[in-house]
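Engineer: next one to model:
(one chain, ligands or ions: 1)
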Amino acid sequence: MKEGDRVALLTSGGDAPGMNAALRGAARVGAELGLEVVGVEEGYVGLMEGRVVPLDLRALDEASRRGGTVLGTARSATFPTPEGQKLARETLVKHSISALVVIGGNGSLTGARTLIGAVRIAGLPASIDNDLAATSISIGTDTAMNTIVEACDRIFDTASAHRRTFIVEVMGRDMGYLAMTAGIAAGADAVLVRETGKDADAYVDQVVRTMIHAYKGDHGKRRVLVIKSEGVKIDAAELKRRVDERVKSQLGGVAVDTRVTVLGHVVRGGSPSAFDRLLGARLANTAMRELFLGNTDFMAGWIGPGVEGAAAQHDPYVVTTPLEKVLLDTQLLHAGESPLAAWRKRIYAAVESILER
Ligand code: F6P
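Structural biologist: Numbers count the residues shown, from 1 in each chain. Predicted structure coming up:
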């Protein structure tokens, strides 16, 4: 690439705190390299509709402190179709776009792959679920984790006051990463994740066992906190009903009460943590510099467990991985077939009895 070339930034899929910081980083580094950096509104929907807009560095400075994405985001069923692809490619040509930076999760980067060959592509992993391979953490995960911990701290207060068990359901799609890491940080007594491969009865057993241990022991806890990942396919209210039924008969005279809190989209909003702002900025920095050097069809990821490859020349914590490999390894992660998936599964099972104590 050369000075004056136009690079478009696009945020897609579920928003993640830190997306704005990534936009800011990409726009600033792009300006430094002499590139013209523009934005595409509402992800692939805006790309199909030709909604390419100029970016204002000052506005991005302000936005980088906030969650969501100033460009807007969307999930599109039309984009993968031949008509969608045609429209998107027409926009790229019409607006003389030389490179596209896609900031999003698994679905968004799968979308980016369909444009390989039409334009230079760089991906930045952004998803609270942390369900992408080739990055040890995605933009937004740290903030979401902190949001859950803060919510649990509040719930602990009221739970202890009433001697209650709380089942707190958190987002994360099919990945238990967010539930598990936030659960450990919050001091939960049990974390229910899909990866342990239990059936509904076994999840009920896990909660009942935790409650009996907590309330019957000499230490007599005044509350029990159970974090349930949304990937565990038993409705939280149904889980409560079945747990209550069992506990009533097994805890005898001990009066305990259960409540359910579904945190839902609260987990996805809010000001990005310092880490997520920095992660967005640093991944964007490497992505822009690699594009400028002529690289394409890669994702910039954060070095750490399960991430192969040498550090990028621009940052010792950032590694670039071919998009094809990212998507293939992500598939294996979701299927529980990668070394990282096996490690997580082992650790999640081992943590169960440690939390229950
Ligand atoms: O992928 C991010 C995520 O927040 C998941 O954790 C959740 O399952 C999903 O998106 C919710 O999507 P929507 O906002 O479309 O309901």
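Engineer: which strands and helices sit next to the longest helix seen in the chain?
Structural biologist: The helix spanning the most residues in the chain, taking DSSP state H as the definition, is helix 141-162. Counting contacts by 3 or more CB pairs under 8 Å, 6 or more residues apart in numbering; DSSP states H and E, helix 141-162 packs against strand 164-170, helix 177-186, strand 224-229, strand 257-262, helix 274-293. Where C-beta positions appear, they are placed from N, C-alpha and C, glycine not excepted.
Engineer: nearest spatial neighbour of the residue nearest in space to the middle of the chain, skipping sequence neighbours?
Structural biologist: Relative to the mean C-alpha position of the chain, the nearest C-alpha, by CA atoms, centre = their mean, is the one of Ile128, at 2.0 Å. Distances taken as CB to CB, 6 or more residues apart in numbering place Ala144 nearest to Ile128, at 3.8 Å, with adjacent residues excluded.
Engineer: the one you found touches Tyr177, doesn't it?
Structural biologist: No: here Ala144 lies out of contact with Tyr177, judged by CB atoms under 8 Å, at a distance of 10.0 Å.
Engineer: so which of these two has more stuff around it?
Structural biologist: Neighbour count, other CB atoms under 10 Å: between Ala144 and Tyr177, Ala144 has more, with 33 against 23.
Engineer: gap between the more buried one and Gly301?
Structural biologist: Applying CB to CB, to the nearest Å, the value for Ala144 to Gly301 is 18 Å.
Engineer: re the thing from before, does the longest helix of the chain reach the ligand?
Structural biologist: No: counting by CB under 6 Å from any ligand atom, the ligand is not contacted by helix 141-162; separation bottoms out at 8.3 Å.
Engineer: same question for that helix, mean pLDDT?
Structural biologist: For helix 141-162, mean pLDDT is 96.
Engineer: and the residue nearest to the centre of the chain, how far is that from Lys2?
Structural biologist: The spacing between Ile128 and Lys2, counted by CB to CB, is 37 Å.
Engineer: still on that earlier bit, so who does the residue nearest to the centre of the chain touch?
Structural biologist: Contacts of Ile128 were listed using CB atoms under 8 Å, 6 or more residues apart in numbering, and they are 14, 16-17, 138, 140-141, 143-144, 171-172, 178, 267-268.
Engineer: change it to 10 Å
Structural biologist: Residues in contact with Ile128 (CB atoms under 10 Å, 6 or more residues apart in numbering) are 14-18, 105, 138-145, 147-148, 170-173, 175, 177-178, 267-268, 276.
Engineer: would you mind measuring from the residue of the stretch 201-350 of the chain at minimum distance from the ligand to Leu239?
Structural biologist: Nearest residue of the stretch 201-350 of the chain to the ligand (CB to the nearest ligand atom) works out as Arg268 at 5.0 Å. To Leu239, Arg268 is 23 Å away according to CB to CB.
Engineer: for the ligand, what are the nearby residues on the stretch 1-150 of the chain?
Structural biologist: Gly14, Gly105, Ser127, Ile128, Asp129.
Engineer: now the stretch 151-300 of the chain
Structural biologist: Met171, Gly172, Arg173, Glu230, Arg268.
Engineer: so which of the residues you listed wins on neighbours?
Structural biologist: Gly172 (28 neighbours).
Engineer: what's the neighbour count on the closest residue to that residue other than its chain neighbours?
Structural biologist: Nearest residue to Gly172, sequence neighbours excluded (CB to CB, 6+ apart): Leu178, at 3.9 Å. Leu178 has 29 neighbours, counted by other CB under 10 Å.
Engineer: my guess is Leu178 meets Ile227, correct?
Structural biologist: Yes: assessed by CB atoms under 10 Å, Leu178 is found in contact with Ile227 at 9.2 Å.
Engineer: overlap in contacts of these two?
Structural biologist: Joint contacts of Leu178 and Ile227 (CB under 10 Å, 6+ apart) are Ile148, Val170, Val193.
Engineer: give me the pLDDT for Ala255.
Structural biologist: 67.
Engineer: repeat for Ser12
Structural biologist: pLDDT, Ser12: 97.
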